[in-house]
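Visitor: no sequence for this one, just the structure:
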């Protein structure tokens with residue numbers, strides 16, 4: 001008989017707890033009020049220890065398990081979602097108390113995927129020994145003589161490169177770069193979202209409009225810079241429509257060789273990391289906050305790197321001092337690239353006297 005994980009809808013029996021009944025598991029707990037997650041995980045671990053490969057679940061249970069998988073990815077990045085309840089630190093697993101009620105008849109069968117196994121075994125989701133051994137510096141055999149031809153070859157590689165395409169956590173539509181392959185300024189943002197995936201260009205939508213305004217103030221346009229993503233595919237979510245998520249450390253790690261190749265081909269005078277995620281990927285700076293990284297030049301891939309806020313941040317603040325910080329970063333970028341700067345440009349976003 002296939003074991004079952006049956007989680008009725010939230011709020012059906014608010015005082016319910018999990019319990020095994022034969023090979024079935026029921027829950028009437030209000031999930032938004034805090035499902036006792038560790039009891040469910042203990043039960044699933046027990047199934048795994050007995051060699052069970054599949055369990056029957058309701059659609060609601062499947063949704064909860066997917067959410068836990070996504071929560072685990074957030075935790076792997078050091079960001080703890082409020083929905084996650086921590087398992088007991090120590091102590092023997094206690095069987096949950098039984099409650100009355102019959103499980104629903106409509107169930108589906110789901111296999112214990114590798115990622116769920118990793119969660120149950122207490123390791124970082126989605127990381128195997130083979131993945132961990134991915135070389136940090138990879139040389140690609142690109143076709144073409146010019147930078148444009150080699151970048152076109154790299155674009156084709158992004159579509160077919162196995163380490164990247166085997167990541168089921170990414171969607172299927174790549175968003176490559178835009179702008180000039182001979183640009184002195186290269187800007188890097190984190191990953192495509194809804195607007196970028198639809199339009200096929202980096203930084204589209206309101207964030208893109210803010211970037212266009214920044215470039216105009218610098219006397220530039222998108223055709224004068226090279227703009228690209230750290231991760232070339234939109235990070236996936238269950239039943240994803242308009243919602244986005246940041247890329248995981250693993251998604252960044254697998255994508256980094258592509259970005260490195262772009263930098264080597266374009267050979268800009270300066271790289272601008274737009275936001276904390278882009279900075280963390282380029283500089284390998286761990287959890288260092290963006291505020292500690294901006295205000296100075298760093299070096300990555302033998303290229304000066306300036307860290308600043310993502311244009312999306314400017315959409316969320318009206319603080320003139322924050323806008324000035326970004327503008328001061330852009331002035332330093334212009335100087336590094338050898339661009340002329342007028343006195344009017346130097347005075348942008350200064351407090352009025």
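Guide: Arrived safely, thanks for sending. Just so it is clear, the structure is predicted and the values come from calculations on it, not from any experiment.
Visitor: what's the burial count for the closest residue to residue 210 other than its chain neighbours?
Guide: Counting by CB to CB, 6 or more residues apart in numbering, the nearest residue to residue 210 once its immediate chain neighbours are dropped is residue 311, at 3.9 Å. Backbone N, C-alpha and C define where each C-beta goes, glycine included. Counted by other CB atoms under 10 Å, the residues lying close to residue 311 total 22.
Visitor: same question, residue 210
Guide: 18.
Visitor: do you know the pLDDT at it?
Guide: If you check residue 210, the pLDDT there is 96.
Visitor: my guess is it contacts residue 315. True?
Guide: Yes. Contact criterion CB atoms under 8 Å: residue 210 and residue 315 qualify, at 5.9 Å.
Visitor: domains of the protein?
Guide: Using automatic domain parsing, the domain parsing of the chain gives 4-120, 147-346.
Visitor: least confident of those domains, on average?
Guide: Least confidently modelled of the domains of the chain is domain 4-120, at a mean of 50 by mean pLDDT.
Visitor: ok, residue 250 to residue 258 distance?
Guide: Separation of residue 250 from residue 258 (CB to CB, to the nearest Å): 14 Å.
Visitor: of the two, who's got more company?
Guide: Shown here are residue 250 and residue 258; by other CB under 10 Å, residue 258 has more neighbours (23 against 20).
Visitor: ok, that one - contacts?
Guide: Contacts for residue 258 (CB atoms under 8 Å, 6 or more residues apart in numbering) come out as 154, 157, 158, 161, 164, 232.
Visitor: next up, the contacts around the third one.
Guide: Residues touching residue 158, when contacts are defined by CB under 8 Å, 6+ apart, comprise 164, 174, 176, 232, 258.
Visitor: so where do the strands sit in this structure?
Guide: Under the criterion DSSP state E, the chain contains strands at 4-6, 19-21, 24-26, 54-57, 108-111, 170-174, 178-179, 185-189, 226-229, 233-235, 270-274, 297-300, 303-308.
Visitor: counting neighbours, what do you get for the nearest residue to residue 245 once chain neighbours are set aside?
Guide: Distances taken as CB to CB, 6+ apart put residue 235 closest to residue 245, at 5.0 Å, once the chain neighbours are dropped. Each residue near residue 235 was counted by other CB under 10 Å, and the total is 21.
Visitor: quick check: beta-bridge partners of residue 235?
Guide: For residue 235, the beta-bridge partners under DSSP bridges are residue 170.
Visitor: residues near the residue lying closest to residue 252 once chain neighbours are set aside, how many?
Guide: Of all residues not flanking residue 252 in the chain, residue 281 sits nearest, at 4.4 Å (CB to CB, 6+ apart). Using other CB under 10 Å, the number of residues around residue 281 comes to 24.
Visitor: so residue 281 sits against residue 256, correct?
Guide: Yes. Residue 281 lies in contact with residue 256 (CB under 8 Å); the separation is 6.1 Å.
Visitor: joint contacts of these two?
Guide: Common contacts of residue 281 and residue 256 (CB under 8 Å, 6+ apart): residue 230.
Visitor: buried ones in stretch 278-289?
Guide: 278, 279, 280, 281, 282, 283, 285 (16 or more other CB atoms under 10 Å).
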